[in-house]
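Participant: Please work out how this folds:
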Amino acid sequence: MGDVVEGRSVYKVRLFLWRLCTGTLPTRALLHYRHMIDNHCCPWCGEEETVSHVLFLCPRVTKLWGESGCAQLLEGVAHKPMKEIVASWARAEKKLQRRAVMLAWCIWMERNAKVFNNANTANSIILARVRRAIDEHDMYAKKIYGVQSGGGTESAKTWKAPTRGVIKLNCDASLACEGWVGLGVVARDCEGQVLFAALRRVRAQWPVEIAEGTSLLMAVRLAKRFGYENVVLESDSQVLISRLSKAMVYFSDLDAVLEDILMSSSCFNSLVLSHVKREGNVVAHHLAKIVPFGIEQIWENHSPVKVEPYVFMDFLSKDE
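Facilitator: Numbering: from 1, shown residues only. Predicted structure coming up:
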């Protein structure tokens with residue numbers, strides 16, 4: 001399922017696929033089994049409304065699968081688990097995968113329109129919706145996930161200043177204090193001047209990657225708050241930068257954080273994701289260890305005294 005339900009799927013379609021694969025799509029058969037309704041019949045043909053029936057086998061939808069050119073993906077739908085069916089789509093050509101996913105989604109929306117509004121839509125209009133959904137999805141994905149990474153170059157060992165007009169945000173997290181997570185973000189311009197330094201302390205027991213991902217999310221939200229348009233997001237977590245660069249988002253707790261980062265980044269004119277080695281991220285690293293007054297603390301146009309030596313060292317190395 002990972003190849004079909006990839007990070008570039010819009011959230012509602014991904015949620016639909018997740019419910020489809022986990023058997024939690026609220027068909028009438030499922031609701032009847034749970035004693036929530038009395039009627040388990042398909043709103044179109046009167047047969048029992050199972051997932052496979054309403055999406056693939058009902059006479060109302062079989063023609064849609066044929067006209068869309070996706071009928072070849074329905075082999076064994078009456079007998080295989082939904083997760084296996086969707087996983088098998090990963091072997092198909094990418095465009096066919098997307099068409100099948102969007103068609104299944106549109107069929108489910110059409111089913112809901114029938115159930116709740118007794119509405120009926122012509123097949124030609126439904127297929128047009130599928131094509132439009134794919135086009136809109138492509139534009140959405142390009143805007144949200146069309147970020148740049150540093151490419152194949154080796155990660156820097158020292159902090160490098162961004163180009164003029166671009167703001168670089170370095171982020172890190174600290175788990176040094178048991179039961180607490182410290183988040184540190186520092187924003188600097190092309191001259192190496194600190195625009196703001198921010199830290200936040202959260203009571204949590206997070207794995208390292210979730211903590212560092214949350215620091216990246218904090219950086220994105222602060223960049224939006226300060227009105228930055230061209231941003232470099234830099235971290236010493238190679239895993240996070242790689243996942244974000246490839247828009248590799250699935251369904252774990254970490255993926256929920258990555259999804260928030262990518263969606264929140266859509267407001268920027270440009271976003272570059274950059275990995276730097278630990279020695280090039282020392283300001284954010286030490287900033288995350290400071291205990292703030294309260295939950296969050298922000299210094300504008302300067303940094304806390306404890307990290308000023310590291311800021312100065314980065315300033316000296318910014319043009320190397």
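Participant: tell me the contacts of the residue lying closest to residue 165 once chain neighbours are set aside?
Facilitator: Leaving out its chain neighbours, the residue that sits closest to residue 165 by CB to CB, 6 or more residues apart in numbering is residue 230, at 5.8 Å. No exception for glycine: its C-beta is placed from N, CA and C like everyone else's. Counting by CB atoms under 8 Å, 6 or more residues apart in numbering, residue 230 makes contact with 165, 166, 167, 268, 269, 270.
Participant: measure residue 230 to residue 121 for me?
Facilitator: Distance, residue 230 to residue 121, by CB to CB, to the nearest Å: 43 Å.
Participant: ditto for residue 155
Facilitator: Residue 155 sits 52 Å away from residue 121, going by CB to CB.
Participant: ok, now residue 293?
Facilitator: For residue 293 relative to residue 121 (CB to CB), the value is 58 Å.
Participant: In which helix or strand does residue 234 reside?
Facilitator: strand 230-235 (DSSP states H and E).
Participant: Report the secondary structure state of the most centrally placed residue in the chain.
Facilitator: The structure's the chain has its C-alpha centroid closest to residue 259; by CA atoms, centre = their mean the separation is 2.1 Å. Assigned with DSSP: H, G, I helix; E, B strand; the rest coil, residue 259 falls in the helix class.
Participant: Next: the one 3 residues further on.
Facilitator: Put simply, residue 262 is helix when judged by three-state DSSP.
Participant: Settle this for me: residue 289 is touching residue 182, isn't it.
Facilitator: Yes: the pair residue 289 and residue 182 passes the contact test of CB atoms under 8 Å, sitting 5.8 Å apart.
Participant: just to revisit the earlier point, quick one, which of residue 293 and residue 121 is more surrounded?
Facilitator: Per other CB atoms under 10 Å, whichever of residue 293 and residue 121 has more neighbours is residue 121, with 14 against 6.
Participant: give the contact list for that one.
Facilitator: Under the criterion of CB under 8 Å, 6+ apart, the neighbours of residue 121 are 110, 113.
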